[in-house]
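A.B. asks: My questions concern the predicted model and sequence given below.
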Amino acid sequence: MEVFVSRKRQRLSSEAEPVKEQTLGEAAEGESTDFKLAILASLHLDRSQEILLDYLLAYDGSVERASSALALPAMMDSPRKPPAANGYQSSLSSFARPSSDEAVKVGTKKALTKKGKTLHLYAPEDVEAHTPCSIIHNFLPQAEADALLKELLVEAPRFRKETFQLFDKTVESPHTMRFYVDSLEELQTQKTAYVYNGSYVPDVAQTTPEMLKVSARVRDAVNDEIQRRVHGSTSDGVKLKFQSPDEWKPNASFVNCYDGARESVGYHSDQLTYLGPRAVIGSLSLGVAREFRVRKIVPQAQDGSSADTQGQIAIHLPHNSLLVMHAEMQEEWKHAVAPAQTIDPHPLAGNKRLNVTYRCYKEYLHPKYTPKCKCGVPTVLRCVQKRAATRGRYMWMCHSGYTPGQKGCTYFVWGEFDEDGKPPWAEGYKGNVNTPALPAEGMSET
Ligand SMILES: O=C(O)CCC(=O)C(=O)O
Ligand SMILES: [Fe+2]
């Protein structure tokens, strides 16, 4: 296809295989779905993520074929009837009652979603049962939610779009954001020591007074939710391997602003580099209600089905709701905020949605301790998702492949973590359980 830029595929492995010239579309075929979506988005700027995903699924994951179809003027609509986006359920059981063997426990149930379909969830019990998240509606007293929203509306004009590298292109995130840390001392080290997508973040701000007040409430609620989930029916009191047993203490946050229906964030997992394995995140939504999409990216262990045969789940996020992304989330699922067809303006925020993602940065994952790559930059922590033989294992890799203007190196080392997610240099380290030791081949497919 002519529209594709010809490029040499960058290999992150040390295999000495000839590198052949290929189109961007061909090069993408072995990549993850979100990567393919990002390529389609860069080629079809006028199409929503939802339409792109629909086409990609309709053409069995082929970027070339999906892109050809998207280019045809006669096919401006989705290749199939899009799933209904409106309407409320009181709970999923009133919408589709599973048969007794299609159960009800997360982890033992059959997938509720089907390839190319979106299942919309509104009730907290459904969100909890069918996703790695839990949600608390009307989380803050109304006056406190409004005070925080007003404060963030004053901050929002200083937010910026994030840029990242996609092959030869520099792409901008379709919404704005800013990073906040609690202490002044942390603010200085963040600017000079912490690396995101290969570079320092020049604009780090100090957590505002209302954000800090709310942070204490979020901390208590998230710790309660973690306990409830660990002791609930699905995990029988056993935390996940690598999940920290310590109290969750937020000390930093990314604050996102979506101004209008079209602003969005594409499918991604949050970076684990400073949070560690099996991270938990508390995400507070204010202003316009939007849809949070989640999609499982590793197959259900029980039925062995491919993750790509499952559809996506949309969680409705109204003003003043706290969504907890639990420890299963970042390694096994991806999440997105989809562009909307229409939005209901909010009395204080107008067309804006503000979102605070409270995070717990671990002291022992400060870049002064973590492995450095050959470029001399602290590495990024990633978890293998696609390759079955090494799935679920952690590795430290060079950042620079994601940095505009930088090529990056092939540096890669398996991460060592104990059962509580601590690295060897952390106090109380109990010994490595991140089964490693396969040769470092084909590490480009995570
Ligand atoms: O806006 C949201 O709800 C999600 C934001 C998000 O995914 C992020 O900050 O990583
Ligand atoms: Fe995220």
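C.D. replies: Perfect, I can see it now. Ligands and ions are numbered 1, 2, ... in the order given.
A.B. asks: so what's the spatially most central residue of the chain scoring on pLDDT?
C.D. replies: By Cα atoms, centre = their mean, the chain has its centre lying nearest to residue 269, at 2.6 Å. The score at residue 269 is 92. That number is its pLDDT.
A.B. asks: separation between residue 419 and residue 249?
C.D. replies: Note on residue 419: its distance to residue 249, by Cβ to Cβ, to the nearest Å, is 20 Å. In this view, the C-beta of every residue, glycine as well, is placed from N, C-alpha and C.
A.B. asks: what are the bridge partners for residue 397, then?
C.D. replies: Note on residue 397: beta-bridge partners residue 380, residue 412, judged by DSSP bridges.
A.B. asks: Count residues in the vicinity of it, would you?
C.D. replies: Residues near residue 397, counting by other Cβ atoms under 10 Å, number 26.
A.B. asks: I'd say it and residue 410 touch.
C.D. replies: No. Look at residue 397 against residue 410 with Cβ atoms under 8 Å: they stay out of range, at 9.0 Å.
A.B. asks: one step back: to what extent is the nearest residue in space to the residue nearest to the centre of the chain that is not next to it in sequence buried, counted in neighbours?
C.D. replies: Excluding the flanking residues, the one nearest residue 269 by Cβ to Cβ, 6 or more residues apart in numbering is residue 330, at 4.7 Å. By other Cβ under 10 Å, 23 other residues sit near residue 330.
A.B. asks: OK, contacts around the residue of the chain found nearest ligand 1?
C.D. replies: Taking Cβ to the nearest ligand atom, ligand 1 has its nearest neighbour within the chain at residue 355, 3.7 Å off. Contacts for residue 355 (Cβ atoms under 8 Å, 6 or more residues apart in numbering) come out as 255, 256, 257, 258, 283, 284, 285, 286, 337.
A.B. asks: Would you agree it falls within a strand?
C.D. replies: Yes. The assignment for residue 355 by DSSP: H, G, I helix; E, B strand; the rest coil puts it in a strand.
A.B. asks: so what's it bridging to?
C.D. replies: With DSSP bridges as the rule, residue 355 is bridged to residue 256, residue 285.
A.B. asks: where does the stretch 101-250 of the chain dip in pLDDT?
C.D. replies: Confidence mapping of the stretch 101-250 of the chain against pLDDT under 70 gives the ranges 101-116, 164-169, 233-234.
A.B. asks: quick one: the strands in it?
C.D. replies: Listed in chain order, the strands of the stretch 101-250 of the chain (DSSP state E, counting those that start in this stretch) span 118-121, 133-136, 160-166, 169-181, 195-196, 199-200, 204-206.
A.B. asks: Save those strands as JSON lines, and put in distance to residue 385 and mean neighbour count too.
C.D. replies: JSON lines is the format used below for the strands of the stretch 101-250 of the chain (distance: least, Cβ to Cβ, whole Å; neighbours: other Cβ atoms under 10 Å):
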{"stretch": "strand 118-121", "distance to residue 385": "22", "mean neighbour count": "22"}
{"stretch": "strand 133-136", "distance to residue 385": "18", "mean neighbour count": "23"}
{"stretch": "strand 160-166", "distance to residue 385": "18", "mean neighbour count": "15"}
{"stretch": "strand 169-181", "distance to residue 385": "21", "mean neighbour count": "18"}
{"stretch": "strand 195-196", "distance to residue 385": "20", "mean neighbour count": "19"}
{"stretch": "strand 199-200", "distance to residue 385": "24", "mean neighbour count": "14"}
{"stretch": "strand 204-206", "distance to residue 385": "29", "mean neighbour count": "17"}
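A.B. asks: Select only the buried ones of the contacts of residue 355 in ChimeraX?
C.D. replies: The following ChimeraX line selects those of these that are buried, judged by 16 or more other Cβ atoms under 10 Å:
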select :255,256,257,258,283,284,285,286,337
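A.B. asks: The contacts of residue 355: which ones sit near ligand 1?
C.D. replies: Taking Cβ under 6 Å from any ligand atom as the test, ligand 1 is in contact with 256, 283, 337 out of the contacts of residue 355.
A.B. asks: how near is residue 53 to residue 36?
C.D. replies: Per Cβ to Cβ, residue 53 is found 9 Å from residue 36.
A.B. asks: no wait, residue 366
C.D. replies: For residue 366, the distance to residue 36 - Cβ to Cβ - is 35 Å.
A.B. asks: now, which of the contacts of residue 355 sits nearest residue 119?
C.D. replies: Of all the contacts of residue 355, residue 119 sits closest to residue 337, with 16.8 Å by Cβ to Cβ.
A.B. asks: Can you list the residue ranges for helices in the stretch 301-446 of the chain?
C.D. replies: Ranges of helices within the stretch 301-446 of the chain are 329-332, based on DSSP state H, counting those that start in this stretch.
A.B. asks: Output the set of residues of it in proximity to ligand 1.
C.D. replies: Residues of the stretch 301-446 of the chain lying close to ligand 1 by Cβ under 6 Å from any ligand atom are 335, 337, 355, 357.
A.B. asks: circling back: of residue 53 and residue 36, who's got more company?
C.D. replies: Neighbour totals were compared for residue 53 and residue 36, and residue 53 leads with 27 against 22 (other Cβ under 10 Å).
A.B. asks: what element comes up after the helix or strand encompassing the more buried one heading to the C-terminus?
C.D. replies: According to DSSP states H and E, residue 53 maps onto helix 49-58. Counting by DSSP H and E, the next helix or strand C-terminal to helix 49-58 is helix 63-71.
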